[in-house]
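Engineer: Whatever this is, show me its structure:
(6 chains)
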Number of protein chains: 6
Amino acid sequence: MTSPIVHKLADVQTSKLGNGTRIWQFVIVLPGASIGEDCNICSHCLIENDVVVGDRVTVKSGVQLWDGLRVGDDVFIGPNATFANDIFPRSKKTPKKFLATVVETGASIGAGATILPGITVGENSMIAAGAVVTRSVPPNAIVVGNPAKIVGYVDAEKNKAVISEKAALALGAQSTMVAGVTVHRMPRIADIRGSLTVGEFDRSIPFTPKRYFMVFDVPSKETRGEHAHRECHQFLICVSGSCAVVADDGKNRQEFILDGPDMGIYLPPMVWGIQYKYSADAALLVYASHYYDNSDYVRNYVDFRKLVGAEI
Amino acid sequence: MTSPIVHKLADVQTSKLGNGTRIWQFVIVLPGASIGEDCNICSHCLIENDVVVGDRVTVKSGVQLWDGLRVGDDVFIGPNATFANDIFPRSKKTPKKFLATVVETGASIGAGATILPGITVGENSMIAAGAVVTRSVPPNAIVVGNPAKIVGYVDAEKNKAVISEKAALALGAQSTMVAGVTVHRMPRIADIRGSLTVGEFDRSIPFTPKRYFMVFDVPSKETRGEHAHRECHQFLICVSGSCAVVADDGKNRQEFILDGPDMGIYLPPMVWGIQYKYSADAALLVYASHYYDNSDYVRNYVDFRKLVGAEI
Amino acid sequence: MTSPIVHKLADVQTSKLGNGTRIWQFVIVLPGASIGEDCNICSHCLIENDVVVGDRVTVKSGVQLWDGLRVGDDVFIGPNATFANDIFPRSKKTPKKFLATVVETGASIGAGATILPGITVGENSMIAAGAVVTRSVPPNAIVVGNPAKIVGYVDAEKNKAVISEKAALALGAQSTMVAGVTVHRMPRIADIRGSLTVGEFDRSIPFTPKRYFMVFDVPSKETRGEHAHRECHQFLICVSGSCAVVADDGKNRQEFILDGPDMGIYLPPMVWGIQYKYSADAALLVYASHYYDNSDYVRNYVDFRKLVGAEI
Amino acid sequence: MTSPIVHKLADVQTSKLGNGTRIWQFVIVLPGASIGEDCNICSHCLIENDVVVGDRVTVKSGVQLWDGLRVGDDVFIGPNATFANDIFPRSKKTPKKFLATVVETGASIGAGATILPGITVGENSMIAAGAVVTRSVPPNAIVVGNPAKIVGYVDAEKNKAVISEKAALALGAQSTMVAGVTVHRMPRIADIRGSLTVGEFDRSIPFTPKRYFMVFDVPSKETRGEHAHRECHQFLICVSGSCAVVADDGKNRQEFILDGPDMGIYLPPMVWGIQYKYSADAALLVYASHYYDNSDYVRNYVDFRKLVGAEI
Amino acid sequence: MTSPIVHKLADVQTSKLGNGTRIWQFVIVLPGASIGEDCNICSHCLIENDVVVGDRVTVKSGVQLWDGLRVGDDVFIGPNATFANDIFPRSKKTPKKFLATVVETGASIGAGATILPGITVGENSMIAAGAVVTRSVPPNAIVVGNPAKIVGYVDAEKNKAVISEKAALALGAQSTMVAGVTVHRMPRIADIRGSLTVGEFDRSIPFTPKRYFMVFDVPSKETRGEHAHRECHQFLICVSGSCAVVADDGKNRQEFILDGPDMGIYLPPMVWGIQYKYSADAALLVYASHYYDNSDYVRNYVDFRKLVGAEI
Amino acid sequence: MTSPIVHKLADVQTSKLGNGTRIWQFVIVLPGASIGEDCNICSHCLIENDVVVGDRVTVKSGVQLWDGLRVGDDVFIGPNATFANDIFPRSKKTPKKFLATVVETGASIGAGATILPGITVGENSMIAAGAVVTRSVPPNAIVVGNPAKIVGYVDAEKNKAVISEKAALALGAQSTMVAGVTVHRMPRIADIRGSLTVGEFDRSIPFTPKRYFMVFDVPSKETRGEHAHRECHQFLICVSGSCAVVADDGKNRQEFILDGPDMGIYLPPMVWGIQYKYSADAALLVYASHYYDNSDYVRNYVDFRKLVGAEI
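Structural biologist: This is a model prediction of the structure:
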């Protein structure tokens, strides 16, 4: 790797440039900025003082990195993507503190996207071209639109499985691509008086629950649940409407659509679980093997990956 | 009580008339009929041969009791109420066997009602005036309309309790008018990501379930569930939509409307339970303390009343 | 008119029979009953003791008139029409007081109809064949079905006017068949921001209101409003959904369908007004020329007819 | 067959009684009435003068046959079934002409049913117990409720076939139980731009159409279409919603539910066709091999049966 | 304040630069442009000839100000915000006249927003990041999305009051944060026949109306009504659905949600009123103390502020 | 036309610049790029190597043309419009092949629009300001929003004709602005049994069909059908819901809204037809004069224009 290369038409005032980094025409970098190794800063960009950029980052043309921005390694920032650091800007009225925006390792921001201030763009996530991101984006999430909504998780979509009677799932439990996770079809008995489905704890469901909880009235754009448990087993049934569950063992990630009360999914301890795409009438019933214990939750995906020994 | 009195304008051919029974003008009773004590058969009625009428029965004017009909004690049959004994009648084509209709003890049939053949009108039930009864009527049920639908249970309606947040039910368990039955309000936590409710087995729910079952897609006119359990405890939650539960300890009867996922009702063993008035989107979740065992069910209300020692 | 004629196969025990009245085969009339002049009581009827029947009444076959019934003049009772006098009948449990049913002058009850106890069947009303009447019927109303609902008013339907833009009503006021009643189309201005309609008191509306009131959330089967005012002027607009107004000056009766916020109807004092056929989303706005004064209401149609000098 | 038998407690004034006919207690028959052979008139009935009753008719108790009624052979009239002969009865105001009611050969009227005046109850039809019949009933129809609606056709229901993709119908034409009638599944091609179905005249559809017509906005209670064609071929597709088609070759009758735009049914000439059970959004597309010609229609079922040589 | 500072890498051709204004790298300003005092023009901007910029304006990087643009004082224009001056651009086909865009005093335009040509961005308004503004924006409005819709008014949202029964508003009038404006809860009487609400002019409503008008069929994205009256009093009731009213006395601004027919708001003369957020089924009824008089309207917010003596 | 003019503050490395072309400040053009005659490349743009730009193209400020982009003649690209050439960008992970984007002759791209990679922006189309274009855009289409949807076709909207009963179209055929295209109103007969419409082939429809096809379940954002036929005649009826048809003879273009089953449009051979704006419940029935023949389709608008001899 060579020393950094700065085009002669650029105005670079910092000395904190990593090896292999290239800076092109009409770029301005203020003296306080720090840029890692092997980055590519394309033409017509501006990088202010209180900005830290990691290694192997690409910044396409027409982008400004304002004071307060932190950019991890391996990040892609598309052309004319736009950041802001003041949530309610008024000319000449500087806020007491600029809201810091964080773009985590491996994230990509599409062409022409707009990122509101104070947001964290999660590890490995993908912001679609033209998206207007108004809330923090979880790790691996794919977000689209104005305002941006989560439409999927990287790699999970292509492994999608619909857990419904229509999919002709056999009775009982089947394994999945994610370690330890099983999907279950319970018996369903229908007659003219209506339908009935049944599950037996310790028999058709792999543990004895100590409690249940139900999630409902979820706005469709919301993700509700994004964590792993250290010891608690869970069994999820969408008793009304439909929702999606993404399960992730640190190595494989798969999305499941639950759309019938006779369909369930078992999440063992130390599997990262996400629930989203709730239909308007969705009600999700969860059986848990333990009473609620806050210390049982792993809420940070990076921590989770470490705990399961995933390579990063 | 005096011997039976037959009006001189009646044509009574049987001798099986109980003491105290009166028969009025233009009534015909064929020779095979048997009528109990203290009955009142008003004008313009016809009673065929293969008919048995209990004690203290009132038959108002314009009623025909056809071959095959069995009428219990203390029954009221309103004026111009109409029975039939052939489900698809064609002239001169007698069915192989007439369908027997049974009117159980204490039932009342309103003025102008029509009762299709082969039906059992249950103990103590009430058929509204003008109703057209196309299916058997459970004990204590009140039925109305054409076709007749169950709209309530005798005495239960006036004790009705709506088990909903709107009714400002306090958190935890409250007792009811029915012995051992408790209603429960579980915690409900709402934020912008939606709502959550939770129940803990052995703590907020009075037993450890061995299984759950769910009832859904119930046509609104249907009653689904009408029995008691000998040993099994149950806990019912309407997780979507609403339904009504009638609980009956043999002495008191009360109706409960379940209309929120954070509301539950506990039915101990040896309480008669009925579920009906399902809304179109209703899904009823039931936790049970035992695995399914057919011998645990008491399906006949008369038997149930005996088992709990209720006076009749 | 001749003296009453009683068939020899009838069992008539009263002497209170008016001239010209005929009683046919297999009829029973108990000694306390009173029957007016020129009546016709067809075969197979029963008339108990505490019954009063007016003049020119027709009772077709298969009808029983139970204790407590009062029948006005010129009433028609169709074949197998059925009355009751106990709202929750149980054999041998006589209620403290039988509910009295009143059939007012000029009413007709169709073949096979059922009339629940305690009901008043209003003057000149028409009960359809097979109807099951569960609530009192206002004067002139036509009721149909099980349970019976008001579907129109005698003579009003055939004069029906739809007061809507679709009917191409001209701007301003038009007279109607009912004395003093006018229908109004107000200006309606529409642009892409929505629509606007306007009315000016004393100019486009014929009085200055002292108050307004609004009627809403009306179950569709309900009639809301059935009276005249002595002095108060009213102006009605259906601001949402639709409803029907029947106006009656004692001589002419006309029905109007209000289905647009730019349509109004003016009811002067001493016009009988009825509102019904509310759509589920109907909201009716009424301007009144006087503050509320209970003594301004004429609530009884017979009284109203007298006050306006209508011939009966 | 013996001569007619009249019970001594009956009041029979006619001499027109067929052999084998029996008349029971408290029945009245006026002098002008005519009753055929082998009838059974049960107790408490009234038969007026201008009434003609066919052979092998059963009239159960509590029925009145009013002036103007015509009853065919093999008719069954259930207990307390009620007829009327005045559509808007007022006491003492006889209509100029009583509306004649006709009950055709082989029809049955259930217990407690009410038949409005001026109605024809079609050959072989079945009126359910408690029904209130407000419009004429076609041959073979089964009607239920208040007001009565057609719910099926005798014998057709049990041969019902659902012509939908869900029923896994194979592509192309299949024969049915009715001579010459075929059901067709057309290709259906779906992609993310929507779905497409196609039919080729002379190839996948067995004739070249000269015209098409479409039926829509049909109230759900209506039957639209009840006739046969002498020469015209028809091909029916329910392009939106669903409807039922009954086809009848004079010997076999079958009901088909059309519920997809890629499903069709071919009706050759001289097949009786009925369309009913339209869903609210139903649109039925019909291809016809001939231009409209009124003389091509056979509109009377009895005529149709003769034309196809069906035995009666 | 110092004289203007122009970076040596900028290409500034005008001399009309106010004191204290700074112009940064790679900015182009054409000779005809006029820029006020104390402005900050960040890197990579272009300012054409026919452009006037006020004092204390901030223009962030990547912005072009095209011919025809007028920018008031204290305006903020976020990074990569994009203007246009041709509504239907075709290459080499210059329109006869470029559409002028006006950004009024105190307005802010968020990062990455797009402003269509010919639009006025009102005084003190706030354009959200990423918004695409297709229509003029009223003073103080907050707009969001693509296309941009009004979601609130600056400062009004945080004072929001829901005027509904659910909010347990007491009967009668209450004062608000806005001078002279009162909110009213009228009586509401409900029974099984429906609900009724009533208001009395001069008593429960503080004036005698000369007219009413109703607003309905308003597309949800529309603001309908944005003005003050010099002399006319108004009283607003949302008789169906719901809408929002913003009231502003020049000093305080508050938003009210009207969602029940028994809720009203009184706007005295010289209060600025805005109505928006109409639900699909909303109908707003307004009583006005005067007949319509165009000269009574104050339609410009800046004029209004002057008339009420508000300091700017 | 003069030789190309390059501003001294630009960094232009190619020699392939057409006469009359101007390049402004801070623009970068890499050595491989090719730019036609009479273009205008405004300030702050970047043009990479593998880019071909036609004649008379306008590129406004802040635009980057990435490797792989092909721009036809007479194209307008608005300020800050943003292209991309990697559909799932990750930093330092170059795709095997950059997706080529094509902007065809005469197209315009609005200010601030974002164009995803691999897309063709069709001849003469119009991309609205701020649009995010995620799929290829057909010739003449106008697209708006995020994601961009077709809302109209250039010139067609202003000639729009609603072909509905409400528009009081006369029975029979009328000509349109497009050569050979006729609109048809068929008879519609309504009675209480529903409605019926009819068309006769060779009589009211100008050809004999060899086949029909139906299009349904079309997502509302989709355009379904965009081509001409060489020999095949078509007749279109929207049998349920509504849709829009654009017809184009190469000279005139007109849009028609079909919203009733009794309305049709005839498209002769060699007319370009487009169907879009399907309502959710739309079903479009098409009669075709020929069996399906792929070689009969003209699917490319440029080819179509040549075939009909339209001047370009």
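Engineer: in the sheet, who's paired with A:Ser195?
Structural biologist: A:Ala190, B:Phe216 (DSSP bridges).
Engineer: how near is it to chain D?
Structural biologist: Noted for A:Ser195: a distance of 17 Å to chain D, by C-beta to the nearest C-beta, to the nearest Å. In this view, the C-beta of every residue, glycine as well, is placed from N, C-alpha and C.
Engineer: Let me know how buried that residue is, in neighbour terms.
Structural biologist: 18 (other C-beta atoms under 10 Å in any protein chain shown).
Engineer: Surely it and A:Ile189 touch.
Structural biologist: Yes. Using C-beta atoms under 8 Å, A:Ser195 makes contact with A:Ile189 at a distance of 6.9 Å.
Engineer: low pLDDT regions in the stretch 51-200 of chain A?
Structural biologist: Residue ranges of the stretch 51-200 of chain A with pLDDT under 70: A:165-166.
Engineer: all strands of the stretch 201-312 of chain A, in order?
Structural biologist: With DSSP state E, counting those that start in this stretch, the ranges of strands along the stretch 201-312 of chain A come out as A:211-216, A:226-229, A:234-240, A:243-248, A:253-258, A:263-267, A:272-276, A:283-288, A:297-298.
Engineer: between those strands, which one is nearest to A:Val151?
Structural biologist: Closest approach to A:Val151 among the strands of the stretch 201-312 of chain A (C-beta to C-beta): strand A:272-276, 9.3 Å.
Engineer: Distance-wise, check the residue in chain A that chain F sits nearest to relative to D:Leu30.
Structural biologist: For chain A and chain F, the shortest gap (C-beta to the nearest C-beta) falls at A:Gly130, measuring 3.2 Å. Distance, A:Gly130 to D:Leu30, using C-beta to C-beta, to the nearest Å: 89 Å.
Engineer: quick one, which of these two is more surrounded?
Structural biologist: For A:Gly130 versus D:Leu30, neighbours defined as other C-beta under 10 Å are more numerous around A:Gly130 (35 against 17).
Engineer: who's in contact with the more buried one?
Structural biologist: Counting by C-beta atoms under 8 Å, 6 or more residues apart in numbering or on different chains, A:Gly130 touches A:Gly110, A:Ala111, A:Gly112, A:Ala113, A:Asn146, F:Thr82, F:Thr114, F:Val132, F:Asn146.
Engineer: What of A:Asp155?
Structural biologist: With C-beta under 8 Å, 6+ apart, A:Asp155 has these contacts: A:Asn140, A:Arg253.
Engineer: In terms of helix, strand or coil, where does it fall?
Structural biologist: coil (DSSP: H, G, I helix; E, B strand; the rest coil).
Engineer: Roughly how far does it sit from A:Ala113?
Structural biologist: Taking C-beta to C-beta, one finds A:Asp155 at 21 Å from A:Ala113.
Engineer: Next: A:Met126.
Structural biologist: Applying C-beta to C-beta to A:Met126 and A:Ala113 gives a distance of 10 Å.
Engineer: can you count the residues close to the residue of the stretch 1-150 of chain A found nearest chain E?
Structural biologist: Nearest residue of the stretch 1-150 of chain A to chain E (C-beta to the nearest C-beta) works out as A:Val132 at 3.2 Å. When neighbours are defined as other C-beta under 10 Å, A:Val132 has 30 of them.
Engineer: The closest residue in space to it that isn't next to it in sequence is in what secondary structure piece?
Structural biologist: Of all residues not flanking A:Val132 in the chain, E:Gly130 sits nearest, at 3.2 Å (C-beta to C-beta, 6 or more residues apart in numbering or on different chains). Here E:Gly130, judged by DSSP states H and E, is contained in no helix and no strand.
Engineer: so how far is chain D from E:Gly130?
Structural biologist: 28 Å.
Engineer: ok, now A:Phe76?
Structural biologist: Taken as C-beta to the nearest C-beta, the span from A:Phe76 to chain D is 28 Å.
Engineer: next one: A:Val53
Structural biologist: A:Val53 is 40 Å from chain D, by C-beta to the nearest C-beta.
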